[in-house]
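Asks: Quick check, what structure comes out for this input:
(chains A and B)
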Amino acid sequence: MKTVRTIVSYLLSFVIICLILLYIAIITLDNKGMNKDYYYKMMEETEYYLQVSREVDSGFEDYIYQSGLPEDTLDNLVSDEKIRADINGIFESLFNEDVTYEISTEELDKELDARINAFLKTQNKTLTKEEKGNITKFEALISSSYKKNIKLSDNVNVYVKQLLLTIQKLANKFNSFPMVISIAAILILLIECRERIYDVIKYIGVSCLGAGIVIKAGYAYLMSKIDIDNVLLFQKSFTNLIQNIFKDISYGLSNIATGLIVGGMTLIVVYAIFRAFLKEKKEILKKA
Amino acid sequence: MTESLKKFIKAAIIPIIVAFLFAFIVLFVLYKVGNDKLILATDLIDVVTIKTDSKDLVEPVLENHKLENYPTVGSKYGTLKIDSIEVNLPIYYGTSYNVLKGGVGHDTNSFFPGEGGSIVYMGHNFKKFLARLPETKIDDIIEIETTYGTFEYKIYDQQVINELETDKVPIQTDEEILMIYTCWPINNIGHAYQRYIVYAKPAY
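Replies: Got it, this is the predicted structure:
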C-alpha cells in the first residue's frame, strides 16, 4: 500500500511538472508574447521608431541618385509622427481580428510633388511627356518604398495575425486550466500523504526542480540551435526588435527556471533534514 | 553526525534523481513531438542568419576557375579601370545603397573575374562614377584589379536596355562576360527606366 501511494504521489508530482510548464507558458504569453503593451514598451526601448525612420530615409536614398533630382529632395519627407502612427496602426491590426490598416501616402505624394515642381521651377525646365512619366514612376516608387519599410511583408503580416489570434483563443480557453489542476493535484498529494505530511514538501520540491531543469535544458538546446545574434529578418530595425524580445523572454524564462531549481532544491533539502531528524528521533525513542 | 549526514543524503538523493528522470521524460516527449517543427524552424532561421565565419576574413584565392573565400558583402575587393573614359573606381561586393555611394557594386548573383561566368557590375551615372560609360567604344579595354589577380576585358557590345529586360544581363557559366551598366539617360529626371550596358570579354 505504501509503495502504491509513493508511486501515485510521484506520478502526481510529474503531472505538476507538466502543469507548472504549461502555466509558465501561459503567463509568458499573457504578459509578453500576446501583450500589446509589452511590444510597445520594447519598441520604445529598442528605439524601433527611430530606426525605422532612418531606414525609410535610406530606402528613399536608393532612388534619389538615379533620379537626377537634388539629394535633399527627399530629406524629412515623412515626419516621425507619421511613421510612428503607421507602425502602431499596422501593429494594432495584427492583434485585432476586425481591424485592417492601410498606410496612406497621400501627404507624402503631395509633398514630394511640390518639392519636385519647386526644383523644376528653379531649373526653368519644361518636362517632356516621357519625363513626366518618369517622375510619376519615381513618386510611385518612393511611396512603395515607404510602405515596404513600414509593413515589411503582407504575407508575413497575414500569417502573424492568424497565429496571434489562434494563440489568443487557445490562451483564453485554457487560462485557468493549469492553476485549477495544480491545486487539485496538490490537494490529492495532501490526502495521499496525510500520515506523513512533510512528504508533500518533497513531491512539490521534485516538481519544481523537474520543471526548472526542463526549462534550463530546453533553453540551452534552443540556444545551441539558434544563433539569434546573427539573424537578419527583413530590416535591421525589425531584427533588432525581435532579438531584444527573444532575449528578454528567454532571460525571463531562465530566471524562472533558476528560481524553480533553487526552490525545488531547498524544499528537498528541508525535507531531507526533517526526515533525517525524525529518523534519528525515532531511533532514540526506540533505544529508550 | 556522520550517521545523520548519511540519512540526510539518502533522503535527498532519491527525490533529486526522480526530478532529473521526470525532466528527462518531459524533454524526451517534447523532443519527439516538436523536433521536426524545431528543425524546420532552425532551417528557416539558418536561411536568414548572417554567417560570421572567420573564413570571411581570409583573402580570396582563385583556383581552377573557382574563387575560394568569397569577400564579405559590402567589402571592397578590387578596382575597375577604364582608361578611355578615365574611370578608376573601387569595386564592392554587393549592390546596396551604401555600396553604390562609394563605387561600383558587384551583383552577388553573378560570378567573380576569373571564374568563367557572367560578371555583373553596376554604378550610378554621376560624373564621378559611370556618367561617361556611354562614351566607351568597341575594343576599349576594361581592367579589373583584384586582391587575387588582374583581369583585362575588351568591350564587344553596348546597348540601351529596359530595366526589366533581365535576359539582357544573363547569368551563365558558358563563357566569361563582363557586363557593366548604369542608369540611362544620363541627365534623367525622375525614375530611370533604362540602363546603358557595356559587354566585354577577356582580352587574352
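
Asks: Quickly list the domain ranges of the chain.
Replies: Just so you know, I chose chain A. Chain A breaks down into these domains under automatic domain parsing: A:2-33+A:174-287, A:48-152.

Asks: Wait, chain B was what I had in mind.
Replies: If you go by automatic domain parsing, chain B breaks into B:1-49, B:54-202.

Asks: ok, and does the first one reach over to chain A?
Replies: Going back to what we said before, that points to domain B:1-49. Yes - part of domain B:1-49 sits near chain A under the criterion CB under 8 Å from any CB of the partner chain, namely B:3-4, B:7-9, B:11-12, B:15-16, B:18-20, B:22-23, B:25-27, B:30, B:38, B:42, B:45, B:48-49. C-beta here means a position set from N, CA and C on the backbone, and glycine is covered the same way.

Asks: can you tell me how far the residue in the stretch 1-150 of chain A positioned nearest to chain B sits from B:Y181?
Replies: As assessed by CB to the nearest CB, chain B sits closest to A:N134 within the stretch 1-150 of chain A, at 3.2 Å. Using CB to CB, to the nearest Å, we find A:N134 at a distance of 18 Å from B:Y181.

Asks: Out of the domains of chain A, flag the one nearest B:D83.
Replies: B:D83 lies closest to domain A:48-152 among these, at 24.9 Å (CB to CB).

Asks: Can you get me a residue count around A:I268?
Replies: Other residues near A:I268 number 26, with proximity taken as other CB atoms under 10 Å in any protein chain shown.

Asks: same thing with B:F8?
Replies: B:F8 has 20 nearby residues by other CB under 10 Å.

Asks: does the nearest residue to A:T105 once chain neighbours are set aside count as helix, strand or coil?
Replies: Excluding the flanking residues, the one nearest A:T105 by CB to CB, 6 or more residues apart in numbering or on different chains is A:S143, at 4.1 Å. Using DSSP: H, G, I helix; E, B strand; the rest coil, the structure places A:S143 in helix.

Asks: related to what we said a few turns ago, just the buried ones out of the residues of domain B:1-49 next to chain A, please.
Replies: In the residues of domain B:1-49 next to chain A, burial by neighbour count holds for B:7-8, B:11-12, B:15-16, B:18-19, B:22-23, B:26, B:30, B:38, B:42, B:45, B:49, counting by 16 or more other CB atoms under 10 Å in any protein chain shown.

Asks: out of the residues you listed, who's nearest A:K225?
Replies: Of all those, B:T42 has the smallest distance to A:K225: 4.6 Å, by CB to CB.

Asks: Just give me how far the helix or strand containing the closest one sits from the chain centre.
Replies: Taking DSSP states H and E as the criterion, B:T42 maps to helix B:2-47. Relative to its parent chain, helix B:2-47 has a centroid offset of 42 Å by CA atoms, centre = their mean, to the nearest Å.

Asks: What mean pLDDT does it get?
Replies: The average pLDDT within helix B:2-47 is 83.

Asks: And stretch A:99-109, by the same measure?
Replies: Mean pLDDT, stretch A:99-109: 86.

Asks: Going along the chain, name the helices of chain A.
Replies: A:2-28, A:36-45, A:48-67, A:80-95, A:106-123, A:129-151, A:154-173, A:177-192, A:199-225, A:236-287 (DSSP state H).

Asks: Which of these has the lowest mean pLDDT?
Replies: Among the helices of chain A, helix A:177-192 scores lowest, at a mean of 74.

Asks: and the residue of chain B nearest chain A?
Replies: With CB to the nearest CB, the shortest gap between chain B and chain A falls at B:G190, namely 3.2 Å.

Asks: List the buried residues in stretch A:229-244.
Replies: Within stretch A:229-244, the residues scored as buried using 16+ other CB under 10 Å are A:231, A:233-235, A:237-239, A:241-244.

Asks: let me redo that: stretch A:106-114
Replies: By 16+ other CB under 10 Å, the buried positions in stretch A:106-114 come out as A:108, A:111-112.

Asks: what about that stretch, near chain B?
Replies: No - applying CB under 8 Å from any CB, one finds stretch A:106-114 out of contact with chain B, separated by at least 11.0 Å.

Asks: export that stretch as PDB, just CAs?
Replies: Only the C-alpha atoms of stretch A:106-114 are listed here, as PDB (Å, rounded to 0.1, in the frame of the first residue of the first chain):
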ATOM      1  CA  GLU A 106      -1.300  61.000 -49.800                       C
ATOM      2  CA  GLU A 107       0.600  63.600 -47.800                       C
ATOM      3  CA  LEU A 108       3.900  62.100 -48.900                       C
ATOM      4  CA  ASP A 109       2.900  62.200 -52.500                       C
ATOM      5  CA  LYS A 110       1.700  65.800 -52.300                       C
ATOM      6  CA  GLU A 111       4.900  66.900 -50.500                       C
ATOM      7  CA  LEU A 112       7.200  65.100 -53.000                       C
ATOM      8  CA  ASP A 113       5.300  66.500 -55.900                       C
ATOM      9  CA  ALA A 114       5.600  70.100 -54.500                       C
END
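
Asks: Can you pull up the residues of chain B that come close to chain A?
Replies: B:3-4, B:7-9, B:11-12, B:15-16, B:18-20, B:22-23, B:25-27, B:30, B:38, B:42, B:45, B:48-52, B:97, B:100-101, B:124-126, B:183, B:187-193.

Asks: so what's the closest residue in space to A:S207 that isn't next to it in sequence up against?
Replies: Nearest non-adjacent residue to A:S207, counting by CB to CB, 6+ apart: A:I16, 3.8 Å away. Contact analysis of A:I16 by CB atoms under 8 Å, 6 or more residues apart in numbering or on different chains lists A:182, A:185-186, A:203-204, A:207, A:211.

Asks: This completes my enquiry, with thanks.
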